[in-house]
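*Asks:* Provided below are the primary sequence and the corresponding predicted coordinates.
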Amino acid sequence: MTTRSILDLLTEREQAVRTHAEYLRVQLEQLTGQVNELEAELADLATTRKVLLALETRETERTGPANLPDNPVYQHILTALADTDRPVRAKDLCRALDTGFEPKRIEGMRSKLKRLVSLGLITETEPGLFALHRQ
């Protein structure tokens, strides 16, 4: 190979590399634009989430928990739990609320407590022990 043919090959390769580099720069600009758009959307979504949570908190503070069952017994249970500083059993709540100690009453109370747990209004600290969420 002559020096001239080697130089021609180098020139061709340089041109190919320049063309490919320019192509990649264009792609990089496009991808950077897309990333910026997605990051802006993520920021908007985070702001929306923050606003909705704040509104939900204000609404809950104003009206009480929205998902509290209609039966007033649930409010009595929550009040009784608020009056104690330790987790309690269903039987203890039956005693506190004077509902009776028959097994069907205790099981009914346990069922109501489990429902309040599923609604996220109280917690079951250990199996059979129930308490309000403490901040």
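*Replies:* Received, thanks. Numbers count the residues shown, from 1 in each chain.

*Asks:* domains of this structure?
*Replies:* 1-64, 72-132 (automatic domain parsing).

*Asks:* where does the chain dip in pLDDT?
*Replies:* Residues of the chain meeting the criterion pLDDT under 70: 59-68, 135.

*Asks:* report the longest helix in it, please.
*Replies:* Looking across the chain with DSSP state H, the single longest helix is helix 3-63.

*Asks:* hmm, back to that, quick one: the domains of the chain as CSV, columns for mean neighbour count too.
*Replies:* Where you see a C-beta, it was placed from the backbone N, CA and C, and this is true even at glycine. Listed next are the domains of the chain as CSV, based on neighbours: other CB atoms under 10 Å:
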stretch, mean neighbour count
domain 1-64, 10
domain 72-132, 15
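
*Asks:* could you point out which element follows the longest helix of the chain?
*Replies:* Note on helix 3-63: by DSSP states H and E, the next helix or strand toward the C-terminus is helix 72-82.

*Asks:* Now the element after that following helix, going C-ward?
*Replies:* Using DSSP H and E, the helix or strand that follows helix 72-82 in sequence is helix 90-97.

*Asks:* what angle do the following helix or strand past that next one and helix 90-97 make?
*Replies:* Scanning forward in sequence from helix 90-97 by DSSP H and E, the next helix or strand is helix 103-118. Between helix 103-118 and helix 90-97, the angle comes out at 100 degrees (axes from the mean of the first three to the mean of the last three CA atoms, to 10 degrees).

*Asks:* how about Thr32, what does it touch?
*Replies:* Thr32 makes no contacts at all, as judged by CB atoms under 8 Å, 6 or more residues apart in numbering.
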